[in-house]
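In: Model the structure of this input:
(chains A and B)
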Amino acid sequence: MPKQLGLSLCLALLVSATARAEPDFDKSIAPLLVRHCLDCHSGPKPKGKLDLTGRKATFAGGKNGPAVVAGKPEGSPLWQRVEADEMPPRKPLTAAEKKLLKDWIVAGARWGTDPIDPFRLTTDKRAGYDWWSLQPVTRPTLPAVKDRAWPRNAIDHFVLAALEANGLQPSPAAERRVLIRRLSFDLLGLPPAPKDVEAFVKDAHPRAYEKLVDRLLESPHYGERWARHWLDVVRFGESNGFERDLPRPDAWPYRDWVIKSLDDDMPYDEFVRLQLAGDVLRPHDSSALKATGFLVAGAHDTVFPASDKMRAAMRQDELEDVVATVGQTFLGLTVNCARCHDHKFDPITQKDYYRLASALAGVQHGERNLKPEDGNKELAKLQEHVRALEKAIAAIDEPVKQAILAERRKNDSKPVTAKPLAEWDFRADLKDRIGELHGTRFGEAKMDKTGLVLDGKTGFVSTEPIKKDLREKTLEAWVQLAGLNQRGGGVMGLETPDGVVFDSIVFGEQEPKRWMAGSNFFKRTQSFGAPDENKADNEVVHIAISYAADGTITAYRNGVLHGKPYKSSGVATFKAGEGRVIFGVRHEPAGGNRMLAGTIVRARLYDRALGAEEVAASAGVRSDIVAEADVVARLSAEIRARRERLAVDRQQAAGALAKLHALSPTKVYAVVPQQPEVTQLLIRGNVGEPSEVVAPGGIPSLAGIDGDFHLKPDAPEGERRKRLAEWITDGKNPLFRRVMVNRLWHHHFGAGLVETTNDFGFSGGRPSHPQLLDWLAADLTENKGSLKALHRTIVLSATYRQASLPREAALAKDAGNRLLWRRSPQRLEAESVRDTMLAVAGRLDPTVGGQGYQDFKSHFFRGTQFYDPIEQIGPAFHRRTIYRMWARGGRSPFLDTFDCPDPSTTTPRRAVTTTPLQALTLMNNAFVLHMAEQFALRLKKDAGDDVDAQIDRAFALAYGRPPSKAEAAQVRPFVARHGLSALGRVLFNSNEFIYVD
Amino acid sequence: MNSHETPAAAPLLDRRGFLSWASQGLGAAAMTSLLLRDGLVRAAGVKAEASDPAPHFGAKAKRVIHLCMCGGMSHLDSFDHKPVLMRHHGKPMPGTEKPETFFGKVGLLRQSDWDFKQRGQSGLWVSELFPHIAQQADELTVIRSMVADSANHTPATFQENTGFRLNGFPVMGSWLSYGMGSETDELPAYVVLPDPRGLPAGGTINWSNGFLPARHQGVALRPKGPAIDDLVPAKKIDADTERDSRALLESLNRQHLEQRGLNDALTARMRSYELAAKMQLAVPQVTDVAGETLATQALYGLDSANTVDFGRSCLLARRLLERGVRFVQLFSGGSFGSPRINWDGHEDMKANHGQEAARVDRPVAGLLQDLCRRGMLDDTLVLFTTEFGRTPFTQSAADQLGAGRDHNMYGFSVWMAGAGLKHGMAHGATDDVGWKSVDKPVYWHDFHATVLHLLGIDHERLTVYHNGIQRRLTNVHGHVLKEVLA
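Out: This next block holds a predicted model:
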């Protein structure tokens, strides 16, 4: 039967069938309304005020009265407008569709599922549940191809079938010189060494190419290359961004974790599970903790307003950024677009957004301690060595020290106790035991036998004003905290009546878990560089801060020096009758993160800066601090010399230890989870309009997988992320693997099968080879998530091995190379430009991992951390560019000209631009000129004084090939006249250096 | 000078050294190469990158100067005259609502520390805070009903410049470079002139391209030495070597291209070296203000220590625009902390705003006059904005009349001047005491939509695809303020 006849016959059957029976609303009418009407007639502001999503609204109608009158099509405006082809505008219904609608009204307009789910079907304006990327992955069979000789693996069948269908032919295979350069840059981001090029070109082994691929995939530089792609997607930055932009010196262990995981070929699902919930899934595994650096890789504002509402809005903004990154990175879904309303293009409701937000609501920024890495023998040995040296020094010092202490005791039998200006014992009352600075309680401040109990929300104490001018002073308090994760509460402070000027003992504000001398606008605040507090939630600790007249501020904990004193901008004056003492609040007004949660037992105020001995005495510990100089002064010349040698050894060993520590970190900037409040849907995303409570959950519109986490709205924080990780990495999740195989494809070919690698929704691109995408996704599952296996499959394909030369006929048909009739030439990425110069100049430091380098000078100035670029000259700058510290405000002008992305925003695809600033950079930048000089030195070293040999070597290093005769003839006189470094500069600037075939 | 600009910005060559290098060295080489190729040195335009490039309709303005007052300039002490506030001076805020403020301290109401007068023919109210700008009142289009979504400096500044409160979105200058291209290929399309006292909080984040290609990022000119990075070689390279290097590079590239054929990217890279040479000549020329007459220099306040910083930036801005730069952004104010070097007058408005206004008043007035007499104001847009205003009550205890004001996101003033606007007018209004916008509230999206409109751009058509959405400067909002258009 001819095809067309069959089709019209079917339609006729359909029409005649429906003529007799009442159309089924859910099967026939609802889809029709969804496809043709609901794009306009739904939502909070439906067109003509007519909402067709529910029975009631439809019958009530809009501006023009009831839309449908049951049984009477002629009296139903809906039918009238449709029949007249006025609706839907410009796209009238077909005769069959019209008949369906009419029959439904005639038969009584019975409604089915109410309201209609507008996401049920894809329309020409938006995606529904039937959207391609939400359907389960199935492994397709290989399509038939005419040229059976060409395909090397499954990939080629799909590609060739599409080429043949479009009358195109693949390109011939590229020559070996091209292939090794291509592979080396693709897999490692570095040029091949000339000897490797020559060996591969000459390798007669039938599996020479496979051997090369395997060798490259085993290189530790593979992880460095592909980690950079991942860090772009997760917008990894090493500072907070926003106003203060404080650095995150311990963010890099996450970067190293990514590199190592890729090098180890960790299964992709595990790779993702750990990033979402490593701390929950493997609580005793430091490496899993590092993985959660992902959750806090984004920007973080540390400037908090006093208003609760303003703070809540800030938190919602931050959560949106996290939800956006999770949704786009792992699912290719722009879930964040549903924060204020249902997603305009994809089947994601506003409620879905808040369910996902609830799963991530406990994510907070901070630093976490890492266990020393097991099995690091060298580290243990060095530590032992340092300990031994310290013991030897102590053996010399100790008798002398004891003698000095004994003399002290003899001269002054009682420890020095200074006289306070005021003293409180909150176990009894709020009275000043010495003067008249009696306290008054505010908010939920309670007293019991342990002391002044503060709730962290409203409770605090303020005293009478001090009747004399106060400049230098010491604040001293005994306090137990209700928890170590609080950020910014004040224990004890001094403030002016308006709270504008203050000095306070503050916990965890700028630095989590640390004590600091809080002051207005951090005017007198700097880090003490002391260790994290780890006991004050379990026991009472004594904290004192002294303020000297010259601005020096010193902290003590339990009677001993805490961190290092520093010289602040000066000492504040609190005028007589103005200064008041406050407890439990950083400064007034009360509220926000200024409030302390904990118990203050006792406190003292002094009108001068106490010395170390006095503080020790007050804390009840006898100071045993004896200055090193005092000890050394009493030693004999001989012993002094011995001690000096030991001290030098200790210093060297400690230096080596610090270096090792830089490789095995003790801290990581990672998630510091907090049990969140229950999540409520916010109408229009407005924190002032909370609505229904939602439980943590996923996106229900993904086919074949349950989006319900089966958790209560107040489920424990860890459970939420654990379930989220399970749901995302579920073997049946249709998006998870499709999205990742597409990312790999993108980086190998310069464009993904879906060009929008972060968006598989309606606004994104459609796959050029949908079956190939599914085949690769299924293959990833089959290979147990091995990304290396996937790389291997891709680069072994004939598709990948094609030459890159253009062909006019093919260009005319497919200029963008979507069908892959050649391999598109690729410009090196910024990092590779820099790394390649280092490599060919023979200066690349191949160290993998560890603390990175900084190509800026950083300083804190007026509340903001600034990062000023410096010249990169010297071995410190010879590491690969991935080890650069990526401060958000510290971008590199050099790398930026080559399209390095802003680390504040996720960049799944980098732009490739060509600009005059790029040319200026490569011609003039100090680093480039320096590398050209190093290149010249290397050429002389490698090739001796023979100019031709030098030129051969230069071309081999820079291009992986010998010069042509014409080139050699040109270069020879150039080198004779201007030298080898001038040649290096020219080669670094050339197209062949920057573009890979 | 602040520590952060000393070593990094230290000149690699002094100016005289640079000029002599430029004329004998690369300058000469560049010149030779250009004369051979183009016949003469001439700036060409740079095409827009947007798929739907401007203009979408008749443009009134071709270029923009954006003057950013960092820290939150008080509308109540400058452009929003409040007689009721004078009467209530020293009294508590009327009404029962407890105002939400950044620092949470709501003191007594305080009248302006400066007298207001009606100015010019228009009778626009401008205070004595800006005596010189006041004389140009008839050129101004003041918007008195601005509303922001954050009372926190940096998110509010992001919103002022990008429409969004988060890091990572492109700023207005980047959008214009992307949507309009440039009238010159000798200079960057978007140039930033920071306050020499220091960068604004967040530093270079404030002129980020966000998710637009990096070439649309703002290029900050340094106050000393070569104005942009890598304009001249970091080490001495003599003219011969430079010339021969360029010739060899060109030749290697040509041979490489011949083997590959039909490659736009490779050709474009070759062309970029010629553009770079042009830029090397153009940048020192444009930044050399010595050729301006003494009268012009005085007009901008270059003759006074207090105004020379901002005056030089204003004069430089005019010179950049004359040569085809699309968007020049000037910052008045650095980061926060104490003593203050921006408009964040928490403690003492009189001292703080007095100090800041004195630095910009004459230069801005001079800029308006200079643009006007050169006819440039006919197709140039001048924007004078701040991230938010300040509270009518002081930041102090409830029963105290303090001297400083807190942040106010609910109502504040900005102004525009130049092409396509009704001049000498004020649009919208705050309530009687200047706390909240009540008449025709204007959001940043509206402001941005209006700026784009004046440049011939439909703000809904200036888009770039990014992660699932056609992103706009105006997000999904924005209404052009028709009432301020001429």
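
In: give the contact list for the residue nearest the centre of chain A.
Out: The residue lying closest to the centre of chain A (Cα atoms, centre = their mean) is A:Ala297, at 2.3 Å. When contacts are counted by Cβ atoms under 8 Å, 6 or more residues apart in numbering or on different chains, A:Ala297 is found next to A:231, A:234-237, A:251, A:254, A:325. For the C-beta atoms, the positions are set from N, CA and C on the backbone; glycine is no exception.

In: Before we move on, what's the pLDDT of the closest residue to chain B within the stretch 751-900 of chain A?
Out: Closest residue of the stretch 751-900 of chain A to chain B, Cβ to the nearest Cβ: A:Arg862 (3.1 Å). The model reports A:Arg862 with a pLDDT of 71.

In: Check whether it really touches B:Gly333, as I assumed.
Out: No: between A:Arg862 and B:Gly333 there is no contact under Cβ atoms under 8 Å: 10.6 Å.

In: got the residues of the stretch 251-400 of chain B near chain A?
Out: For the stretch 251-400 of chain B, the residues in contact with chain A (Cβ under 8 Å from any Cβ of the partner chain) are B:251-253, B:255-257, B:260-263, B:265-266, B:268-270, B:272-273, B:275-276, B:278-280, B:334-338, B:341, B:346-347, B:395-397, B:400.

In: Mind doing that once more with 7 Å?
Out: Contact residues (Cβ under 7 Å from any Cβ of the partner chain) of the stretch 251-400 of chain B with chain A: B:251-253, B:255-256, B:260-263, B:265-266, B:268-269, B:272-273, B:275-276, B:279, B:334-338, B:341, B:347, B:395-397, B:400.

In: which stretches of the stretch 351-486 of chain B have low pLDDT?
Out: Where the stretch 351-486 of chain B drops to pLDDT under 70, the residues are B:468.

In: if we go to 90?
Out: For the stretch 351-486 of chain B, the stretches with pLDDT under 90 are B:397-399, B:464-471, B:475-476.

In: can you give me the helices in it?
Out: Using DSSP state H, counting those that start in this stretch, the helices of the stretch 351-486 of chain B run over B:444-454.

In: ok, now chain B?
Out: Listed from the start of the chain, chain B has helices (DSSP state H) covering B:6-9, B:15-24, B:26-38, B:83-87, B:131-135, B:153-162, B:172-180, B:239-260, B:264-287, B:294-299, B:308-322, B:349-373, B:444-454.

In: what mean pLDDT does the fifth one have?
Out: Per-residue pLDDT values across helix B:131-135 average out to 98.

In: Let me see the contact set for B:Ala54.
Out: B:48, B:179-180, B:455-457 (Cβ atoms under 7 Å, 6 or more residues apart in numbering or on different chains).

In: What separation is there between it and chain A?
Out: Distance of B:Ala54 to chain A, given as Cβ to the nearest Cβ, to the nearest Å: 19 Å.

In: How about B:Pro392?
Out: Taken as Cβ to the nearest Cβ, the span from B:Pro392 to chain A is 17 Å.

In: Which residue is the nearest non-sequential neighbour of that residue?
Out: B:Val433 (4.3 Å; Cβ to Cβ, 6 or more residues apart in numbering or on different chains).

In: Surely the one you found is in contact with B:Leu85?
Out: Yes: under the criterion of Cβ atoms under 7 Å, B:Val433 makes contact with B:Leu85 at 4.9 Å.

In: overlap in contacts of those two?
Out: B:109, B:392.

In: follow-up on the earlier one: pretty sure the residue of the stretch 751-900 of chain A closest to chain B is touching B:Arg340, no?
Out: No: taking contacts as Cβ under 7 Å, A:Arg862 lies outside contact range of B:Arg340: 8.6 Å.

In: I'd like to know how many residues surround the residue in the stretch 101-250 of chain A positioned nearest to chain B.
Out: Distance from chain B to each residue of the stretch 101-250 of chain A (Cβ to the nearest Cβ) is smallest for A:Glu243, at 3.7 Å. A count of neighbours around A:Glu243, defined by other Cβ atoms under 10 Å in any protein chain shown, yields 24.

In: What of A:Val540?
Out: 19.

In: which ones are touching it?
Out: A:478-480, A:601.

In: With adjacent residues omitted, what lies nearest to A:Asp285?
Out: A:Gly278 (7.3 Å).

In: What separation do you get for the closest residue to A:Lys535 other than its chain neighbours and A:Gly459?
Out: Using Cβ to Cβ, 6+ apart and skipping the chain neighbours, the partner closest in space to A:Lys535 is A:Val541 (6.4 Å). Distance, A:Val541 to A:Gly459, using Cβ to Cβ, to the nearest Å: 20 Å.

In: Comparing these two, which shows the higher neighbour count?
Out: Ranked by neighbour count (other Cβ under 10 Å), A:Val541 and A:Gly459 place A:Gly459 first, with 22 against 19.

In: For the spatially closest residue to the more buried one that is not a sequence neighbour, give its distance to chain B.
Out: Using Cβ to Cβ, 6+ apart and skipping residues adjacent in sequence, the residue nearest A:Gly459 is A:Ala445, 3.4 Å away. According to Cβ to the nearest Cβ, A:Ala445 stands 18 Å off from chain B.

In: Which ones among the contacts of A:Val540 map onto strands?
Out: Those of the contacts of A:Val540 mapping onto strands are A:478-480, A:601, per DSSP state E.

In: Buried subset of those, written for PyMOL?
Out: Buried residues among the ones in strands among the contacts of A:Val540 (16 or more other Cβ atoms under 10 Å in any protein chain shown), as a PyMOL selection:
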select buried, chain A and resi 478+479+480+601
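
In: can you tell me which two in the ones in strands among the contacts of A:Val540 are farthest apart?
Out: A:Trp478 and A:Gln480 (8.2 Å; Cβ to Cβ).

In: tell me the contacts of A:Lys467?
Out: A:576-577.

In: That one in helix, strand or coil?
Out: Here A:Lys467 is recorded as coil under DSSP: H, G, I helix; E, B strand; the rest coil.

In: On the pLDDT front, check the closest residue to B:Ser245 other than its chain neighbours for me.
Out: Nearest residue to B:Ser245, sequence neighbours excluded (Cβ to Cβ, 6+ apart): A:Val986, at 5.2 Å. A:Val986 carries a pLDDT value of 98.
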